[in-house]
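**Q** give me coordinates for this.
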Amino acid sequence: MVKLSGISKTGGRFAILAASAILAGSVVPVSAPSARTVVTVLADDEAASLSTDELVEIYRRSRHSRAFAEIEKRAGAGDSWGQVALANVLLMGAPTDEDVTRALAALNAAIKAGNDYAPVRLGDLYLEGKFVAKDAARAVSLYRQAASDGSVAGKQRLGEALIAGDGVDRDSAAGIALLKEAAESEDPWALLALSNALLDDAQAYSDPVEARRLLEISAGKGNVFALVRLGELLRDGIGGPADAERAVELFRRAADQGSVIGKQRLAQAYLAGAGVAQDAEYGLALMREAAETGDPWAWAALGDIYAQGRGAPADGEKAIDAYTKSFEAGNAAALIRIGEMYRDGQAVDADMQTALSYFERAAANGEPAVWLRIAAIHRDGRGVAKDQARARAIYEAAMSAGAPGARVHYARDLVTGRLGAKYVRQGHALLKEALDAEEPGAVSLQSDAAMWGWGVKQDKARAIRILQQAADAGNVEAKRALVAAYRDARKPALKRSIANANALLETIAPRLSNEDLALERFLIQASGAASPAQLEALNGRFEELPASTRRTAFEIVRWVNENAFTYLVQAALGERGFYAAAPDGRLNRATIKAIIRACSSINQDDVCRHGPLTEPAVAVLASFV
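**A** Below you'll find the model as predicted:
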């Protein structure tokens, strides 16, 4: 252990480092009181000699009154950076209405003084709707002001807004151009922002190789978020060869610098044995350390461990406790995970009413995307009375709330007639809007409608042309759909060609994560699996899939190869003691009885009795694999 006695008497920046080390627990056990002693002496002795950024960091860590007084003094003297700093410290924690009023006044004063970052900071508040009424258009106006004054941060935020269509008409080309202009400064945050945009594989401008290069530069400049993001790309083999060992090194460096997400990723590496010798006990301890800092995402990750039983025995009570703490720390999406546990009977008894209550709480707390799950429950009548009208109303509310993917999901349910035959035309009108807005999933839905004749004349050749045109324009989603078309034999438009499916997949492999690539390769293998040996090999490959993709693979393989799906079900239920015979891929009476017994064990027998291959039953069976 490093001896820190006497460091506080030395003062200066060395004392700042000492305090930071104590608070982060990187060289000694975490000790906030010890750190505050260091900071107290430092702030009293040398506050006037420190930079504004250093004063803000001291205040963030210790809430020391002397640091605040010095920031306030500089702001009062007309220092625009002091005014920005004053706004930042006033908004830390749980600010009062008076604090918010003073912070906004300080930012406006800094803007008048010509500070080019102040409009960005104020714009962020309006974009997030934090402390002020949400006003995305006002945020964009402030970002434009900063960008026109040459602010790198202003260009970055404006570029991101143009790409997302926040407060302005979506213009991805202009947004990317602005991000590239900002990144030319080699500002580490601008580099990170551009790399994140280039990693969107649904866009034609996606370039994971360039994104990885930019992250190397940003990480080299000390950006801890870039360290973690680069580690994720190396772990997943995105933008270049996978390198799990270097990924662990980067996660460790980030964790040593106090990054909670870095510690989470390091914990996950130890839990999985990826790039480091597996040590579930140490990985679990690291994840708990990260969670106990109060980070909501770390609590959610800890909940995942207990819910899934990966790294620790499955424990519904501990999972719900961790997810609840995540919600209390500000992550409303954690309520969705609790809802999913009750919906699927994962580590708890299935209870659809309880699941719905958690989903509705999540929606009420700022997670509009969960309305899509609620709509599906009412559409299918899972645990509730089937109610198409209510499902439609929920979809409408989700679209009004800006839920991602709501328009495409709603359009799909309408054009397929799942929400009533008389609403198919409305579905195609929504699909057109989604296509015009270039929303993910819209091209695939347009192709599917032509393929199966959903509200339009069935034309399988046209369905393939739609995908081919989008693929030629660089749409990765369309290329993946074409892979599926070759894999699943969309006759007469395409004959099954595993060779063509594999060849096309390799053209987009660099733009896919290791998980997505493993999923696509598994599905291609599943398509042709017929013999006992092939089905057994497929089951082995399924068990090797990353946990994050296993459920998706299970649900899709139902439509790719029913025998392969049945084999996976038999193998999984056999391990749980519900199925006694050797798996053979045949949906016989013994298999159906085993499925009913398994579903009954989690109070879902009514769902499975409607048919083991129905979509709701598949969702229930997924909890066993």
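**Q** output the below-cut-off pLDDT ranges for this structure.
**A** 1-45, 490-493 (pLDDT under 70).
**Q** hmm, try it at 50
**A** 1-43 (pLDDT under 50).
**Q** in which helix or strand does residue 526 reside?
**A** helix 514-528 (DSSP states H and E).
**Q** residues in contact with the helix or strand following that helix: which ones?
**A** Once the chain leaves helix 514-528, the next helix or strand it forms, by DSSP H and E, is helix 532-544. By C-beta atoms under 8 Å, 6 or more residues apart in numbering, the residues outside helix 532-544 that reach it are 522, 525-526, 528-529, 550, 553-554, 563-564, 567-568, 571, 583-585, 625. For glycine as for every other residue, the C-beta is placed from the backbone atoms N, C-alpha and C.
**Q** ditto for stretch 129-141
**A** Under C-beta under 8 Å, 6+ apart, the answer for stretch 129-141 is 91, 95, 100, 103-104, 123-128, 157-158, 161, 166-168.
**Q** again with stretch 264-278
**A** 228, 231-232, 235, 243-248, 251-252, 254-255, 279-280, 282-284, 286-287, 290, 295, 297-298, 301, 305, 310-311.
**Q** right, and residue 447 touches residue 484 too?
**A** No: applying C-beta atoms under 8 Å as the test, residue 447 and residue 484 come out as separate, 10.2 Å apart.
**Q** higher neighbour count, those two?
**A** residue 447 (25 against 20; other C-beta atoms under 10 Å).
**Q** what strand or helix carries that one?
**A** helix 442-452.
**Q** check which helices and strands the helix or strand just after that helix sits against.
**A** Next in sequence after helix 442-452, counting helices and strands by DSSP H and E, comes helix 460-472. In this structure, helix 460-472 makes packing contacts with helix 442-452, helix 476-488, judged by 3 or more C-beta pairs under 8 Å, 6 or more residues apart in numbering; DSSP states H and E.
**Q** dump those to JSON lines, plus distance to residue 618.
**A** Listed next are those as JSON lines, based on distance: least, C-beta to C-beta, whole Å:
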{"stretch": "helix 442-452", "distance to residue 618": "19"}
{"stretch": "helix 476-488", "distance to residue 618": "17"}
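**Q** what sits closest to residue 180 if chain neighbours are left out?
**A** Sequence neighbours aside, residue 194 is the residue nearest to residue 180 in space, at 6.3 Å (criterion: C-beta to C-beta, 6 or more residues apart in numbering).
**Q** how about the contacts made by the residue nearest to residue 242 when sequence neighbours are not counted?
**A** Spatial nearest neighbour of residue 242, chain neighbours left out: residue 514 (6.1 Å); criterion: C-beta to C-beta, 6+ apart. In this structure, residue 514 makes contact with 235-238, 242, 546, judged by C-beta under 8 Å, 6+ apart.
**Q** which of those tops the neighbour count?
**A** Among the contacts of residue 514, residue 235 has the most neighbours (other C-beta under 10 Å), with 25 neighbours.
**Q** how close does residue 200 sit to residue 107?
**A** As judged by C-beta to C-beta, to the nearest Å, residue 200 and residue 107 stand 31 Å apart.
**Q** wait, which of the helices and strands packed on helix 460-472 is closest to residue 367?
**A** Closest to residue 367 of these, according to C-beta to C-beta: helix 442-452, at 22.8 Å.
**Q** and the contacts of residue 514, which of them are in helices?
**A** Using DSSP state H, the subset of those located in helices is 235-236.
**Q** export the contacts of residue 514 to a markdown table and tack on distance to residue 396?
**A** Output for these, formatted as a markdown table (distance: C-beta to C-beta, whole Å):
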| residue | distance to residue 396 |
| --- | --- |
| 235 | 40 |
| 236 | 37 |
| 237 | 41 |
| 238 | 37 |
| 242 | 43 |
| 546 | 36 |
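**Q** that older thread, now list the buried members of the contacts of stretch 129-141.
**A** 91, 100, 103-104, 123, 125-127, 157-158, 161, 166-168 (16 or more other C-beta atoms under 10 Å).
**Q** could I get those residues as CSV with secondary structure?
**A** Output for the buried ones among the contacts of stretch 129-141, formatted as CSV (DSSP: H, G, I helix; E, B strand; the rest coil):
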residue, secondary structure
91, coil
100, helix
103, helix
104, helix
123, helix
125, helix
126, helix
127, helix
157, helix
158, helix
161, helix
166, coil
167, coil
168, coil
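**Q** closest to residue 224 among those?
**A** With C-beta to C-beta as the yardstick, the closest approach to residue 224 among the buried ones among the contacts of stretch 129-141 comes from residue 157, at 20.2 Å.
**Q** is it true that that closest one touches residue 120?
**A** Yes: the criterion here is C-beta under 8 Å, and residue 157 meets it with residue 120 at 5.7 Å.
**Q** common neighbours of these two, please.
**A** With C-beta under 8 Å, 6+ apart as the test, residue 157 and residue 120 both reach 143, 146.
**Q** where's residue 402, which helix or strand?
**A** Per DSSP H and E: residue 402 is located in neither a helix nor a strand.
**Q** show me what contacts it?
**A** By C-beta under 8 Å, 6+ apart, the contact set of residue 402 is residue 368.
**Q** for the one 5 residues further on, same thing?
**A** Residues touching residue 407, when contacts are defined by C-beta under 8 Å, 6+ apart, comprise 399, 430, 433-434, 437, 439.
**Q** just those residues: which are in helices?
**A** Mapping the contacts of residue 407 onto helices (DSSP H) picks out 399, 430, 433-434.
**Q** quick check, nearest of these to residue 221?
**A** residue 434 (39.2 Å).
**Q** contacts only, for the residue nearest to that closest one when sequence neighbours are not counted.
**A** Spatial nearest neighbour of residue 434, excluding adjacent residues (C-beta to C-beta, 6+ apart): residue 442 at 3.9 Å. Residues near residue 442 by C-beta under 8 Å, 6+ apart: 408, 411, 431, 434-435.
**Q** now those residues: which count as buried?
**A** In terms of neighbour count (16+ other C-beta under 10 Å), the buried residues within those are 408, 411, 431, 434-435.
**Q** tabulate those in TSV, adding columns for distance to residue 461.
**A** What follows is these, written out as TSV (distance: C-beta to C-beta, whole Å):
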residue	distance to residue 461
408	24
411	23
431	20
434	23
435	19
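**Q** among those, which one sits closest to residue 46?
**A** Set against residue 46, the nearest of the buried ones among the contacts of residue 442 by C-beta to C-beta is residue 408 (57.4 Å).
**Q** coming back round to it: relative to residue 240, how far out is the residue nearest to residue 242?
**A** Taking C-beta to C-beta, one finds residue 514 at 12 Å from residue 240.
**Q** sorry, back to before: which pair of the contacts of residue 514 spans the longest distance?
**A** 238 and 546 (13.5 Å).
**Q** using PDB, write out the CA atom coordinates for the helix or strand hosting residue 393.
**A** Using DSSP H and E, residue 393 sits within helix 388-400. These are the backbone C-alpha positions of helix 388-400, laid out as PDB (Å, rounded to 0.1, in the frame of the first residue of the first chain):
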ATOM      1  CA  GLN A 388     -56.500  -5.300 -30.800                       C
ATOM      2  CA  ALA A 389     -58.100  -1.900 -30.200                       C
ATOM      3  CA  ARG A 390     -56.000  -1.400 -27.000                       C
ATOM      4  CA  ALA A 391     -52.900  -2.600 -28.800                       C
ATOM      5  CA  ARG A 392     -53.500   0.000 -31.600                       C
ATOM      6  CA  ALA A 393     -54.000   2.800 -29.000                       C
ATOM      7  CA  ILE A 394     -50.800   1.800 -27.300                       C
ATOM      8  CA  TYR A 395     -48.800   1.900 -30.500                       C
ATOM      9  CA  GLU A 396     -50.300   5.300 -31.300                       C
ATOM     10  CA  ALA A 397     -49.100   6.500 -27.800                       C
ATOM     11  CA  ALA A 398     -45.700   5.000 -28.400                       C
ATOM     12  CA  MET A 399     -45.300   6.900 -31.700                       C
ATOM     13  CA  SER A 400     -46.400  10.200 -30.000                       C
END
